[in-house]
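Trainee: Compute the structure for the input listed below.
(one chain, ligands or ions: 2)
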Amino acid sequence: MNDDQYYMKLALDLAASAKGKTNPNPVVGAVIVKDGVIAGTGIHRKAGEPHAEVHAFKMAGEYAEGATLYVTLEPCSHYGKTPPCANLVRESGVRRVVVATQDPNPEVAGRGISIIKDAGIEVEVGVLEKEAQRLNERFIHNMLTDRPFVISKYAMTLDGKLATHTGHSKWITGEGSRHSVHLLRDEVDAILVGIGTVLADDPSLTTRLPEGGGKNPIRIILDSELRVPLDAKVVQVSDAKTLIVTQENAPADKMDLLREKGIEFIFVPKNETGLNLKALMEELYKKGITDVLLEGGSEVNASFLREGLIDKYLIYIAPKLLGGRNSLTPYTGMNVDTMDEAMDVSFSGVETFGEDIRITAYPK
Ligand SMILES: Nc1nc(O)c(N)c(N[C@@H]2O[C@H](COP(=O)(O)O)[C@@H](O)[C@H]2O)n1
Ligand SMILES: [Zn+2]
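Mentor: Ligands and ions are numbered 1, 2, ... in the order given. This next block holds a predicted model:
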């Protein structure tokens, strides 16, 4: 790793600390280095607040003269909620600017880099570009598609089961559950479930985040026939904004009762496969929702998959074997008819072979 990569990695790590906090803006980190010494650092903390570069220059003061600026996203060139950073960079006295990746925002899109280059400052673009684009995959997707970034998340047992034959699931335990139910949600604007999850009274829909942190994302419920019970927990517990997606002709009196509970509605047309999800995504983006975590089990995931609307998969594999009707439990070859309880195993390693992964596990 050369010096440029070293300082850009630091800027990326700084940027990542604000993941989920800057929506709809990107996460951005900036590091100013003078004579091999870090003179200033900065991150973008929240939309509407100063950009990462502003904080870094404030910290560096006169040490910016003749220094190098490392920034994970092209300095902006437009007046959004804050003035253009490219002008600040131009006047800062820095000798060199290293940018991880260009800003796809049509308001910027290379203009920030041109302003800096036209001032005679040396600019290098593309250091750790892939890492920077992965870090801002949600923002880049928004800029390129005007739609929310959709994350499909599901949990399964080692033998690929999502639930017992009675439909009981909840296989992720411990750290996996904490990450999947709390920490992931802390980074997204909204979670989306089908009405089935609400009817199953899934407690995780009204789970408050662990003490000391995080946000309860907006709860989006697909409910084309407006079957949601008035006494459902998601209606009664208002620790998060709840949006119900249904059809325009849903029963007005029931909607009024739900509105009294703070429920908001989004109306989308229904086609042969169900609610028009593409239309829904466009509506959600107009409401400022920049990413959505699908928490609605296989039904919801399958419907988004069919529409080609999933942008990322997060698959949690629990160290359990479920077996199930006429399935083989891999490690014994035993033919298992049905099983209500999962058998515990312990993972001993995950390796990749080209495109394939291999998990090694042992019965406990
Ligand atoms: N280079 C850079 N550093 C930051 O810290 C940023 N937040 C951005 N964001 C870019 O500017 C747009 C937002 O501008 P305002 O915060 O509204 O002024 C955002 O869409 C990005 O293009 N860039
Ligand atoms: Zn800026």
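Trainee: Tell me which residues of the longest helix along the chain come out buried.
Mentor: Secondary structure assigned by DSSP state H gives helix 3-16 as the longest helix of the chain. Of all the residues in helix 3-16, those buried under the rule 16 or more other C-beta atoms under 10 Å are 4, 7-12, 14-15. C-betas here are computed from N, CA, C, even on glycine.
Trainee: What residue in the stretch 201-350 of the chain comes nearest to ligand 1?
Mentor: Using C-beta to the nearest ligand atom, the closest approach of the stretch 201-350 of the chain to ligand 1 is made by Thr290 at 10.6 Å.
Trainee: and if you look at the chain?
Mentor: Gly80 (2.6 Å).
Trainee: Read off the pLDDT value for the closest residue to that residue other than its chain neighbours.
Mentor: Excluding its sequence neighbours, the residue lying closest to Gly80 (C-beta to C-beta, 6 or more residues apart in numbering) is Glu107, at 7.0 Å. According to the prediction, Glu107 has pLDDT 92.
Trainee: which SS state does Glu107 fall under?
Mentor: coil (DSSP: H, G, I helix; E, B strand; the rest coil).
Trainee: Would you mind naming the residues that bridge with Ile357?
Mentor: Thr352 (DSSP bridges).
Trainee: So it versus ligand 2, what's the distance?
Mentor: According to C-beta to the ion, to the nearest Å, Ile357 stands 40 Å off from ligand 2.
Trainee: Just to check, that residue is in contact with Ile317?
Mentor: No. The pair Ile357 / Ile317 is not scored as a contact, 9.5 Å apart, by C-beta atoms under 8 Å.
Trainee: Of the two, which one has the most company?
Mentor: Just comparing Ile357 and Ile317: by other C-beta atoms under 10 Å the higher neighbour count belongs to Ile317, 19 against 10.
Trainee: Quick check: bridge partners of that one?
Mentor: Met156.
Trainee: Identify the residues contacting the nearest residue to Gly288 once chain neighbours are set aside.
Mentor: Of all residues not flanking Gly288 in the chain, Pro24 sits nearest, at 6.4 Å (C-beta to C-beta, 6+ apart). Going by C-beta atoms under 8 Å, 6 or more residues apart in numbering, Pro24 touches 47, 139, 142, 288, 290.
Trainee: can we see that at 10 Å?
Mentor: Applying C-beta atoms under 10 Å, 6 or more residues apart in numbering, one finds that Pro24 lies in contact with 47, 138-139, 142-143, 148, 189, 285, 288-291.
Trainee: Same question for Leu314.
Mentor: Per C-beta under 10 Å, 6+ apart, neighbours of Leu314: 151-155, 179-180, 184, 293-294.
Trainee: need the next SSE after the strand or helix carrying it, C-terminal direction.
Mentor: Element membership of Leu314, judged by DSSP states H and E, is strand 312-318. Of the helices and strands lying after strand 312-318 in sequence (DSSP H and E), the nearest is strand 320-321.
Trainee: coming back round to it: tell me the pLDDT at the residue of the chain closest to ligand 1?
Mentor: Reported pLDDT for Gly80: 84.
Trainee: can you count the residues close to the residue of the stretch 151-300 of the chain found nearest ligand 2?
Mentor: Nearest residue of the stretch 151-300 of the chain to ligand 2 (C-beta to the ion) works out as Thr290 at 18.2 Å. Neighbourhood size, Thr290 [other C-beta under 10 Å]: 20.
Trainee: Test my guess that it contacts Ile218.
Mentor: No. Using C-beta atoms under 10 Å, Thr290 makes no contact with Ile218, being 11.2 Å away.
Trainee: anything in contact with each of those two?
Mentor: 188-190, 284.
Trainee: Check those residues against His51 and report the nearest one.
Mentor: Closest approach between these and His51, by C-beta to C-beta: Asp189, at 20.7 Å.
Trainee: Strands of the stretch 201-350 of the chain, start to end?
Mentor: 218-222, 242-246, 264-267, 270-271, 274-275, 291-294, 312-318, 320-321, 327-328, 335-336, 343-353 (DSSP state E, counting those that start in this stretch).
Trainee: I'd assumed Asn25 was in contact with the residue of the chain closest to ligand 1.
Mentor: Yes. Here Gly80 reaches Asn25: they are 8.4 Å apart, a contact under C-beta under 10 Å.
Trainee: Those two: which has the busier surroundings?
Mentor: Neighbour count, other C-beta under 10 Å: between Gly80 and Asn25, Asn25 has more, with 24 against 14.
Trainee: Would you confirm that the more buried one contacts Glu49?
Mentor: Yes. Taking C-beta under 10 Å as the definition, Asn25 is a contact partner of Glu49 at 9.1 Å.
Trainee: quick one: which helix or strand includes Val198?
Mentor: Assigned by DSSP H and E, Val198 belongs to helix 195-199.
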